[in-house]
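K.L.:
what would the 3D arrangement of this be:
(one chain, ligands or ions: 1)
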Amino acid sequence: MTNEFPDGKRWKRAEHDVTILAPGDVHKVARSRSNSGGGGGGGSNARASQELSIQTRIFKIIVIGDSNVGKTCLTFRFTGGGFPDRTEATIGVDFREKAVEIEGETIKVQVWDTAGQERFRKSMVKHYYHNVHAVVFVYDVTNMTSFCNLQTWIEKTAKLLFYTPLTGAEGSWFKPQGRQNMEGVLVVGEGARPLLRRDLPSPIVEPPQDPERDEAVKKTRQSDPREPLMHGTSSAPVCFSECNSHRVSASVPRVLVGNKCDLVDRIQVPSSVALRFADTHNMLLFETSAKDPKESQNVDCIFMALACRLKTQKFLIYRDVDSEDARVHLTQNCGAKSNCPC
Ligand SMILES: Nc1nc2c(ncn2[C@@H]2O[C@H](COP(=O)(O)OP(=O)(O)OP(=O)(O)O)[C@@H](O)[C@H]2O)c(=O)[nH]1
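P.N.:
Numbers count the residues shown, from 1 in each chain. This next block holds a predicted model:
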């Protein structure tokens, strides 16, 4: 049996990981169909509609980490704005998306919330990494084990995704501060200033690994002590081990998120340790709380910083989200056979 679903459409946690859940999107497809099939004056409208949809870029961000660290709650907070009353362990993957507007461009940010429990990850895991544009690693600041396990998560990810460390020269991270417009679209304004991470006692002592890099970091910190850390060395092309011919010509930004900062009395992972770890792995560090409404903008910033970073990568293709051709076909036995079209 084959599960078929339009790529880029909303789907939901399901026994076999794949279900369609998007009446609005179905409507869009139907409208697009009737436009293209309609005669007379519908033609130019259809073209305009198609051009509009073709220009919608989709950024796929995958969220990874131990079970119970709050991945689902973080994605809820970003896409739905609230903190769920109760959550269940994610099975397979949950998919949520949100339209955001960055510098005049509307972008769909797809957030793929993966299962932390190994038994719920199943063989679908490789497909989570299909065309991933960015990765969010989450740990629980009140749970040292979840922090220690990050190394394993990073290694697991690296097996599926050969990422590119970002170079400082490639362009810096945007510092967006979201504000909701009437349609609920997050608008990123200029001169905005999010709290990307907590202030740390300075100076932060780092091992002298690379004098050139250390100098660059020093300069960055001097110019703005709150500037998130971001540096790396190479810019090798990205590829996926399950299909080396995938053309994902993007560097894949990754960020580290320490969640549950509202539980101040129970914090086990010091910020300085987390920052050192993030730095070692060329990641930005965000410390936040999916639960605390005051931190909601911080949660937005995690995804918006990534989206803004991705937006600078012009080579990310435009996707015709309304087109049926944009469908992906998965079978229940996905681990056995790749559906890679190339
Ligand atoms: N205090 C506090 N609790 C949180 C926060 N985020 C999540 N939680 C709680 O942590 C528990 C797990 O949250 P989930 O979002 O389901 O965790 P998950 O990482 O998605 O777990 P898996 O689906 O098993 O991988 C739930 O009881 C949440 O209410 C937070 O910021 N603060």
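K.L.:
just for the stretch 201-342 of the chain, where's the confidence low?
P.N.:
201-251, 314-342 (pLDDT under 70).
K.L.:
who's in contact with the residue in the stretch 101-250 of the chain positioned nearest to the ligand?
P.N.:
Closest approach between the stretch 101-250 of the chain and the ligand, counting by C-beta to the nearest ligand atom: Gly116, at 2.7 Å. (Each C-beta comes from the backbone N, C-alpha and C, glycine too.) Each residue near Gly116 by C-beta atoms under 8 Å, 6 or more residues apart in numbering is listed here: 65-69, 71, 89-90.
K.L.:
out of the residues you listed, which touch the ligand?
P.N.:
Of the residues in these, proximity to the ligand by C-beta under 6 Å from any ligand atom holds for 67-69, 71, 89-90.
K.L.:
which one of those has the most neighbours?
P.N.:
Within those, Lys71 tops the neighbour count with 30 neighbours, counted by other C-beta atoms under 10 Å.
K.L.:
quick check: nearest residue in space to it, chain neighbours excluded?
P.N.:
Nearest residue to Lys71, sequence neighbours excluded (C-beta to C-beta, 6 or more residues apart in numbering): Val63, at 4.7 Å.
K.L.:
look at the one you found and give its secondary structure.
P.N.:
Using DSSP: H, G, I helix; E, B strand; the rest coil, the structure places Val63 in strand.
K.L.:
number of nearby residues for it?
P.N.:
A count of nearby residues for Val63, using other C-beta under 10 Å, gives 29.
K.L.:
residues in contact with it?
P.N.:
Contacts of Val63 by C-beta under 8 Å, 6+ apart are 71, 74-75, 111-114, 136, 138.
K.L.:
let's see that with 10 Å instead.
P.N.:
Each residue near Val63 by C-beta atoms under 10 Å, 6 or more residues apart in numbering is listed here: 69-72, 74-75, 78, 90, 93-94, 96, 111-114, 116, 128, 134-138, 257, 302-303.
K.L.:
for the host helix or strand of Lys60, list the C-alpha coordinates in CSV.
P.N.:
Assigning secondary structure by DSSP states H and E places Lys60 in strand 57-65. Output of strand 57-65 as CSV, limited to C-alpha atoms (Å, rounded to 0.1, in the frame of the first residue of the first chain):
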residue,chain,number,x,y,z
ARG,A,57,9.8,29.0,-0.9
ILE,A,58,9.6,26.3,1.7
PHE,A,59,12.2,26.0,4.4
LYS,A,60,12.3,22.6,6.0
ILE,A,61,13.6,22.6,9.6
ILE,A,62,14.0,19.4,11.5
VAL,A,63,13.9,19.3,15.3
ILE,A,64,16.0,16.6,17.1
GLY,A,65,16.8,15.6,20.6
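K.L.:
pLDDT averaged over the next helix or strand after it, what's the number?
P.N.:
Where DSSP H and E defines the elements, the next helix or strand beyond strand 57-65 is helix 71-80. For helix 71-80, mean pLDDT rounds to 92.
K.L.:
what residues does this structure put near the ligand?
P.N.:
Residues of the chain lying close to the ligand (C-beta under 6 Å from any ligand atom) are 67-73, 87, 89-90, 115-117, 259-260, 262-263, 289-291.
K.L.:
repeat that for 5 Å
P.N.:
Counting by C-beta under 5 Å from any ligand atom, the residues of the chain close to the ligand are 67-73, 87, 89-90, 116, 259-260, 262, 289-291.
K.L.:
adjacent strands (with direction) for the strand holding Lys60?
P.N.:
When sheet partners are counted by DSSP bridges, strand 57-65 sits next to strand 105-114 (parallel), strand 134-140 (parallel).
K.L.:
orientation of the longest one relative to helix 71-80 in degrees?
P.N.:
So the one you mean is strand 105-114. Strand 105-114 and helix 71-80 are oriented at 160 degrees to each other (axes from the mean of the first three to the mean of the last three C-alpha atoms, to 10 degrees).
K.L.:
next, the buried residues of strand 105-114.
P.N.:
107-114 (16 or more other C-beta atoms under 10 Å).
K.L.:
now tabulate these in TSV and tack on distance to Gln313 and pLDDT.
P.N.:
Shown next, in TSV, are the buried residues of strand 105-114 (distance: C-beta to C-beta, whole Å; pLDDT from 0 to 100):
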residue	distance to Gln313	pLDDT
Ile107	12	88
Lys108	15	89
Val109	14	91
Gln110	16	91
Val111	18	92
Trp112	18	90
Asp113	23	89
Thr114	23	86
